[in-house]
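[1] Provided below are the primary sequence and the corresponding predicted coordinates.
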Amino acid sequence: MKKLAIVEEDTDAREMSAFTFENSGYEVFRCKKETALEDIGRIRPHIVVVGDQLGNTSGNDLCVKLKNNEQTGLIPVILYSASKTVDEISKGGCADGYVAKPMQLDDFVYLVHRISLS
């Protein structure tokens with residue numbers, strides 16, 4: 001079973017995403033932004049899904065830390081946002097994929113699946 005880590009501050013969005021991916025065959029790990037880097041390094045998921053807004057930091061900041069970390073640098077990361085377009089969240093970004101809400105859940109799952117296989 002593929003492992004997926006979610007870092008999302010909004011409880012409803014996190015649980016909706018977790019439910020969707022669990023029903024799509026992923027083992028889902030919910031990570032808090034404060035411990036995400038360590039948790040992801042320990043869990044070693046196949047892919048990480050990160051919300052763009054994480055309180056006083058951005059999902060892109062976390063993505064940069066993940067990509068620059070020896071343990072997590074090769075794990076694909078998808079950033080998603082409710083308040084920005086794909087063009088806006090991808091500026092200066094290092095993620096492997098970007099999704100803007102509202103989104104079709106099937107498209108989100110397809111993107112995650114496609115990137116996690118590459």
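    Happy to help now that I have it. Numbers count the residues shown, from 1 in each chain.
[2] so what does the lowest-mean-pLDDT helix or strand in the chain touch, helix or strand wise?
    Here the helix or strand of the chain ranked lowest by mean pLDDT, DSSP states H and E is helix 86-90, holding a mean of 72. Helix 86-90 is packed against strand 77-81, strand 97-100, with contacts defined by 3 or more CB pairs under 8 Å, 6 or more residues apart in numbering; DSSP states H and E. All C-beta atoms are positioned from the backbone trio N, CA, C, and that covers glycine.
[3] which of the ones you listed is buried the deepest?
    strand 77-81 (a mean of 24; mean count of other CB atoms under 10 Å).
[4] Give the full set of residues in contact with the residue most central in space within the chain.
    Nearest to the mean C-alpha position of the chain, by CA atoms, centre = their mean, lies Val49 at 1.1 Å. If you count contacts by CB atoms under 8 Å, 6 or more residues apart in numbering, Val49 has them with 4-8, 17, 21, 77-78, 80, 112.
[5] quick one: whichever strand or helix holds it to strand 77-81, angle?
    Using DSSP states H and E, Val49 sits in strand 47-51. Angle, strand 47-51 to strand 77-81, by axes from the mean of the first three to the mean of the last three CA atoms, to 10 degrees: 20 degrees.
[6] quick one: contacts of the helix or strand following strand 47-51?
    The helix or strand immediately downstream of strand 47-51 is strand 53-54, counting by DSSP H and E. For strand 53-54, contacts defined as CB under 8 Å, 6+ apart pick out 7-10, 33, 59, 61-62, 81-83.
[7] do the same with stretch 95-110
    Under CB under 8 Å, 6+ apart, the answer for stretch 95-110 is 17, 20-21, 24, 50, 60, 63, 76-82, 84-86, 89-90, 111-112, 115.
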